[in-house]
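Student: Kindly return the folded structure for what I paste below:
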Amino acid sequence: MKGNGSCPFLFLGHKFLLSSLSKASASCYFVSRVADRAITFQIELKRNLKCKLRMIKPKTEVPKIELPLINDTQWNLAAQKSESFTVLVFYRGLHCPVCKNYLEELAKRLKDFTDRGAHVVAISSDSEARAKKSGKEWNVPELPIAYGLSIEEARKWGLFVSKGIKDSEPDAFSEPGVFLVRPDHTLYASAVQTMPFARPDWDDILNAIDYIEKNDYPARGGE
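Tutor: Below you'll find the predicted structure:
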């Protein structure tokens, strides 16, 4: 072979080496990107867990909450001076016929709660127009109805959130929950649901308040 300064075998070897290095570099880059994404995913997961899965334990302070009422006044939990409990009733909104029946039954028992030193408010993520329509069309003449609960606030209370699946539903709204809050703004008891059905019975809650006050029964489940 003449010495023309090149060797086919050397050339092929050099080409193979470059190809291998290129593949190795690409592999390292791919692994690096996967690792970066895994770390980002873990960070986002931690954020979501802190934000979305917040659970309020009994005997701990509940989140601050202040919202407008359909009678054009403001409702503020901090301003409540109940003797026994403030009862916060989170409902789904105007679109929910189960909520309508539930709040109408509650409205019939407002005096029973007042006689026990308890304040009551119904709260939803509805807009002002939707909430005022509920107040007008539902038989809830004396029931304080607050509106404009943000999804972020709903999650702070540990409420589940749904996306609208029908034209009559908002884009997003909170699912039901009932919270009994002591005058010192600590949680005594709560019932949170993922669906509109099988909610706590008002007579059961009234009987529970009687028992709690008579026997000085402590909050449970906070350990």
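Student: For the most centrally placed residue in the chain, pull up the helix or strand it's in.
Tutor: Most central in the chain under Cα atoms, centre = their mean is Arg155, positioned 2.4 Å from the mean C-alpha point. Using DSSP states H and E, Arg155 sits in helix 151-156.
Student: Average pLDDT for that helix, rounded please.
Tutor: Helix 151-156 shows a mean pLDDT of 97 in the predicted model.
Student: do stretch 88-105 as well
Tutor: Rounded mean pLDDT across stretch 88-105 is 98.
Student: got a list of contacts for it?
Tutor: With Cβ atoms under 8 Å, 6 or more residues apart in numbering as the contact definition, stretch 88-105 has outside contacts at 65, 77, 106, 120-126, 130-131, 133-134, 138-140, 143, 145, 149, 154, 157, 159, 162, 166, 168-170, 173-179, 181, 196-197, 199, 202. The way it works is simple: take the backbone N, C-alpha and C, and place the C-beta from them, glycine included.
Student: Okay, now it: how far is its last residue from its first?
Tutor: Its start and end residues considered, stretch 88-105 measures 15 Å (Cα to Cα, to the nearest Å).
Student: For that stretch, buried residues please.
Tutor: Of the residues in stretch 88-105, 88-96, 99-100, 102-103 count as buried by neighbour count, 16 or more other Cβ atoms under 10 Å.
Student: got it, and stretch 152-167?
Tutor: Glu153, Ala154, Arg155, Lys156, Trp157, Gly158, Leu159.
Student: Could you pull up phi and psi at Ile145?
Tutor: The phi/psi pair for Ile145 (degrees, to the nearest 10) reads phi -120, psi 120.
Student: for Glu169, same thing?
Tutor: When read as degrees, to the nearest 10, the backbone of Glu169 gives phi -100, psi 150.
Student: burial of it, as a residue count?
Tutor: 16 (other Cβ atoms under 10 Å).
Student: Val161 versus that one, what's the distance?
Tutor: Relative to Val161, Glu169 is positioned 12 Å away (Cβ to Cβ, to the nearest Å).
Student: Ok, Asn71 next?
Tutor: 27 Å.
Student: Equivalent analysis for Cys96, please.
Tutor: 14 Å.
Student: same question, Asp201
Tutor: Taking Cβ to Cβ, one finds Asp201 at 25 Å from Val161.
Student: residues in contact with the nearest residue to Asp171 once chain neighbours are set aside?
Tutor: Closest residue to Asp171 apart from its sequence neighbours, by Cβ to Cβ, 6 or more residues apart in numbering: Gly164 at 5.3 Å. Gly164 is in contact with Pro170, Asp171, Ala172, Phe173, counting by Cβ under 8 Å, 6+ apart.
Student: All set, thanks.
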